[in-house]
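Student: requesting a structural model of the entry that follows:
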Amino acid sequence: MKDNTVTPYKNRLSKKEQVAGMFNHIAPKYDFLNHFLSLGIDKSWRKKVVKELKKKDPKRMLDVASGTGDLAIAAAMRMPNLKVEATDIAAVMLEKAQIKIEKRKLSDRINVSIADAENLQFDATQFDAVTAAFGVRNFEDVPKGLSEMYRVLKPGGKLIILEFSKPRKGPFAMFFRFYFKFILPFLGRLFSGNNRAYTYLPESVEAFAERENFIQLMEQAGFQSCDYKVLTFGVACMYQGIK
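Tutor: This next block holds a predicted model:
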């Protein structure tokens, strides 16, 4: 099983300190680059998560590593009775999320707060659903983060995680590896002004324990009925589990 020791920068700060600093730096360009570099496909992935969430009709949801709040907002807009806690360790990202939330008049249903995913400030069994989109691979301790998600879920509650993956076969897999290793980092550096963020991205995806290995981590944390769905030829995966 792969480890999670890849860090954004080569310094003595902890991984979570480096991740917070990196995302605070790229926050002004984050949304643009997300949609541009994924050709807008990331929006369709979030719609799939919301579609799965609606089957459980949650009333209270925690969105971990919420970033600029895209998943929290998408869920709240589709489920009018849902209240969301959107958390992240990067304060500037949450500032961007708050602006978007206020623009969509969702402030009464989405609350943002700084939180360490591996040490959540919420009491046990508080949420009907917990989500995380493209943030788990940035955890310093993935099993601990999964255990925290399990702790705050109500019995029967649902976990859904979106995370990047790697296409495994065929010409598309070859193209994707080239794009992800060379083109994406170049464009990311060009537009974000951060020399490491979009080099760290493919490195972190390469190091991440994906698919069957991640299902094993979910099961070790206590989740049941775990499965995953491959999205867009394997560029991403949607993981699901029940407490």
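Student: low-confidence regions, this protein specifically.
Tutor: Along the chain, the parts satisfying pLDDT under 70 run over 1-5.
Student: hey, where'd the strands end up in it?
Tutor: Here the chain has its strands, by DSSP state E, at 60-64, 83-88, 110-114, 127-133, 153-164, 224-231, 236-242.
Student: need those strands in JSON lines (columns: mean neighbour count and distance to Asp141).
Tutor: For the C-beta atoms, the positions are set from N, CA and C on the backbone; glycine is no exception. Listed next are the strands of the chain as JSON lines, based on neighbours: other Cβ atoms under 10 Å; distance: least, Cβ to Cβ, whole Å:
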{"stretch": "strand 60-64", "mean neighbour count": "25", "distance to Asp141": "14"}
{"stretch": "strand 83-88", "mean neighbour count": "24", "distance to Asp141": "16"}
{"stretch": "strand 110-114", "mean neighbour count": "18", "distance to Asp141": "18"}
{"stretch": "strand 127-133", "mean neighbour count": "26", "distance to Asp141": "14"}
{"stretch": "strand 153-164", "mean neighbour count": "20", "distance to Asp141": "15"}
{"stretch": "strand 224-231", "mean neighbour count": "14", "distance to Asp141": "19"}
{"stretch": "strand 236-242", "mean neighbour count": "21", "distance to Asp141": "18"}
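Student: scan the protein for its longest helix.
Tutor: If you go by DSSP state H, the chain has its longest helix at helix 15-37.
Student: elements contacting it?
Tutor: If you count contacts as 3 or more Cβ pairs under 8 Å, 6 or more residues apart in numbering; DSSP states H and E, helix 15-37 packs onto helix 41-56, helix 91-103, helix 184-192, helix 197-207.
Student: swap the cut-off to 6 Å and go again
Tutor: Packing partners of helix 15-37 (3 or more Cβ pairs under 6 Å, 6 or more residues apart in numbering; DSSP states H and E): helix 91-103, helix 184-192.
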